[in-house]
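>>> Only the shape, not the letters, is given here:
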């Protein structure tokens, strides 16, 4: 079997989450159970593994279910988009995400909430059991529940808090205050950190260092979530990543592409991965979403991709020509078969262009836009469907440390050294360009912000007025396509204003907005859930 401990993650019988219908998945290497009675007392280890399996399967659905978390963090950002394809078309809701005109009926806001609470419900099913066998798994399950809540809180903020499934018939949850939700996530993580495993060999499971990362994320984003500039939270985030780094359990992989291989079980950089498998747990459809059908010949695919997502042209312009991450991440220019021949489409060479006409007026032509290839694409009917997702990796810890030091004005040269260390593997042909100075990280962004459409500039804004603009650029080059960008753009401010880069800057066909649009830092709750539960209130502004 390809993955370590894949049987821990693929279930034979799935207990439903709170208020949701039952679902099931199959591990053919395990005994098949038609039901596991939660009232039984003599649980075996195999029973517990089957009971906790839905937590992992729902996390996969949160991330790579249709319109999942990848889209939520990337489609509304300044790096990646899915334009209307002239002659074939794509979903209008991608355009809505790009332009920040989203509303409660956009399908992206259903999946995270739906599978997030399914995952929480499945965890509560197990945590409700009073059984010594369960106790072994309790710290990790609480950490997993906190992870689900972190993603829900980051995107919707005003959410229900459910810690048990022992509820009265007809119970409908209500939202709790943002501070209460934040405090719950943090307190859960602090409590389990001392008892959760420190093993780095149980692949795909949360350990103490994954908890370090999640706590660091909670602290790093506190000021962006709540407003203000309380430096104590940057100190707390710094303490968490310092603890992780000092443990010495992880190291940078030799190559930038290593954390994006099909199987990450042996990657020394990956702290916590979400395992996928083409037979037992497939679903990472990224290659199909991004590539034109002609690219099937490049990667020896047995079916044609869908010709959808591509890079925002302004972002491609930010790369240094010697940065190997450009070629490792994006397909641009003439395309070739696996045998090295030029791909011909209707008698002409297939060429991916950097430029895109527009997102919807009239849209993008067939081969416009650089195509995402950061994750390993395997031959056959595989593509990226079996690619693991690195939810937390050491590079992220380095960047969190660098950002905290810069925001605190402490040991800033160490911050520059950390970013330089990461960049060195991307500039092997010109090592001098890997060096980043404090001034560069604290200086202007090289991203030429402004509304660009139909190959004309409607506004030109540049990146000189962005706090820590150079660091924001490095975050983009390193973490594009890793559920990072929306959160990063919200955390970095346009200097001299009370808006962040996410709402306060224009790019491609999306316009800058004033502080009146700050409510867009939080997504609307899907109308489906509002209609189903009278206790839920829509987020302000929608």
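Arrived safely, thanks for sending. Just so it is clear, the structure is predicted and the values come from calculations on it, not from any experiment.

>>> Not counting sequence-adjacent ones, nearest residue to the residue nearest the centre of the chain?
Closest residue to the average C-alpha location of the chain: residue 483 at 2.2 Å, with CA atoms, centre = their mean. Spatial nearest neighbour of residue 483, excluding adjacent residues (CB to CB, 6 or more residues apart in numbering): residue 73 at 4.2 Å. Where C-beta positions appear, they are placed from N, C-alpha and C, glycine not excepted.

>>> May I ask you to confirm that that neighbour belongs to a helix?
Yes. Assessed by DSSP: H, G, I helix; E, B strand; the rest coil, residue 73 belongs to a helix.

>>> just to revisit the earlier point, separation between the residue nearest to the centre of the chain and residue 207?
As for residue 483, its distance to residue 207 is 20 Å (criterion: CB to CB, to the nearest Å).

>>> I figured the residue nearest to the centre of the chain was touching residue 70, is that so?
Yes. Counting by CB atoms under 8 Å, residue 70 is a contact partner of residue 483 at 6.0 Å.

>>> Give me the pLDDT for the residue nearest to residue 483.
Predicted confidence (pLDDT) for residue 73: 97.

>>> What helix or strand is residue 252 located in?
Counting by DSSP states H and E, no helix or strand carries residue 252.

>>> brain fart, residue 486
Following DSSP H and E, one finds residue 486 within helix 485-491.

>>> For the helix or strand just after that helix, what is the distance to the chain centroid?
On the C-terminal side of helix 485-491, the nearest following helix or strand under DSSP H and E is helix 501-504. Computed by CA atoms, centre = their mean, to the nearest Å, the chain-centroid distance of helix 501-504 equals 19 Å.

>>> what does helix 501-504 rub up against?
Around helix 501-504, the neighbours that count as contacts under CB atoms under 8 Å, 6 or more residues apart in numbering are 76-78, 100, 466, 472, 486, 489-490, 492-494, 497, 512-514, 517-518, 520-521.

>>> repeat that for 10 Å
76-78, 100, 224, 445, 447, 449, 461, 463, 465-467, 469, 472, 485-494, 497-498, 507, 510-521 (CB atoms under 10 Å, 6 or more residues apart in numbering).

>>> Only the buried members of the residues you listed: can you turn that into a PyMOL selection?
Selection of buried members from these for PyMOL, criterion 16 or more other CB atoms under 10 Å:
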select buried, resi 76+77+78+224+445+447+449+461+463+465+466+467+469+472+485+486+487+488+489+490+491+492+493+494+507+510+512+513+517+518+520+521
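
>>> which stretches of the stretch 1-150 of the chain aren't confidently modelled?
For the stretch 1-150 of the chain, applying pLDDT under 70 flags the ranges 1-41.

>>> What segments of it are strands?
Assigned by DSSP state E, counting those that start in this stretch, the strands in the stretch 1-150 of the chain fall at 80-81.

>>> quick revisit: just the ones in helices from the contacts of helix 501-504, please.
Counted as lying in helices by DSSP state H, out of those, are 224, 469, 472, 485-491.

>>> Can I get these in JSON lines including distance to residue 212 and pLDDT?
Formatted as JSON lines, the ones in helices among the contacts of helix 501-504 follow (distance: CB to CB, whole Å; pLDDT from 0 to 100):
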{"residue": "224", "distance to residue 212": "20", "pLDDT": "98"}
{"residue": "469", "distance to residue 212": "28", "pLDDT": "98"}
{"residue": "472", "distance to residue 212": "23", "pLDDT": "98"}
{"residue": "485", "distance to residue 212": "22", "pLDDT": "98"}
{"residue": "486", "distance to residue 212": "23", "pLDDT": "98"}
{"residue": "487", "distance to residue 212": "18", "pLDDT": "98"}
{"residue": "488", "distance to residue 212": "19", "pLDDT": "98"}
{"residue": "489", "distance to residue 212": "24", "pLDDT": "98"}
{"residue": "490", "distance to residue 212": "22", "pLDDT": "98"}
{"residue": "491", "distance to residue 212": "19", "pLDDT": "98"}
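
>>> hang on, the earlier thing: regarding the residue nearest to the centre of the chain, what is its secondary structure?
Following three-state DSSP, we place residue 483 in the coil state.

>>> Tell me who's in contact with it.
Each residue near residue 483 by CB under 10 Å, 6+ apart is listed here: 63, 68-74, 151, 154, 389, 391.

>>> again, but for residue 140
52, 55, 123, 192, 195-197, 202, 205-207, 210-211.

>>> about what we covered before: quick one: common contacting residues for residue 483 and residue 70?
Shared contacts of residue 483 and residue 70 (CB under 10 Å, 6+ apart): 63, 389.

>>> where do the strands sit along the stretch 401-542 of the chain?
Using DSSP E, counting those that start in this stretch, the strands of the stretch 401-542 of the chain run over residues 450-453, 456-457, 507-508.

>>> picking up where we left off before, what is the nearest of the ones in helices among the contacts of helix 501-504 to residue 376?
Minimum distance to residue 376 across the ones in helices among the contacts of helix 501-504 is 21.1 Å, recorded for residue 485 (CB to CB).

>>> Give the closest residue to the closest one in space, chain neighbours not counted.
Of all residues not flanking residue 485 in the chain, residue 77 sits nearest, at 3.7 Å (CB to CB, 6+ apart).

>>> quick one: that neighbour and residue 483, what's the gap?
Plainly put, residue 77 is 10 Å away from residue 483 if you go by CB to CB.

>>> what does residue 138 give?
Using CB to CB, residue 138 is found at 27 Å from residue 483.

>>> returning to what we had before: ok, so of the ones in helices among the contacts of helix 501-504, who is nearest residue 296?
Taking the ones in helices among the contacts of helix 501-504 together and measuring to residue 296 by CB to CB, the closest member is residue 485, at 28.1 Å.

>>> who's in contact with the closest one?
73-80, 315, 472, 475-476, 479, 501-502.

>>> Grab the two from those residues that are most spread out in space.
Across these, no pair lies farther apart than 75 and 472, at 18.7 Å, counting by CB to CB.

>>> quick one, what contacts residue 302?
For residue 302, the contact set (CB under 10 Å, 6+ apart) comprises 296, 379-383.

>>> Could I get the pLDDT score of it?
Predicted confidence (pLDDT) at residue 302: the value is 96.

>>> For it, what are phi and psi?
In terms of degrees, to the nearest 10, the main-chain angles of residue 302 are phi -90, psi -10.

>>> can you check residue 380 too?
Main-chain dihedrals, residue 380, degrees, to the nearest 10: phi 80, psi -160.

>>> For residue 79, see how far away the residue nearest to it when sequence neighbours are not counted is.
Residue nearest to residue 380 in three dimensions, not counting chain neighbours: residue 302, with 5.4 Å by CB to CB, 6+ apart. To residue 79, residue 302 is 30 Å away according to CB to CB.
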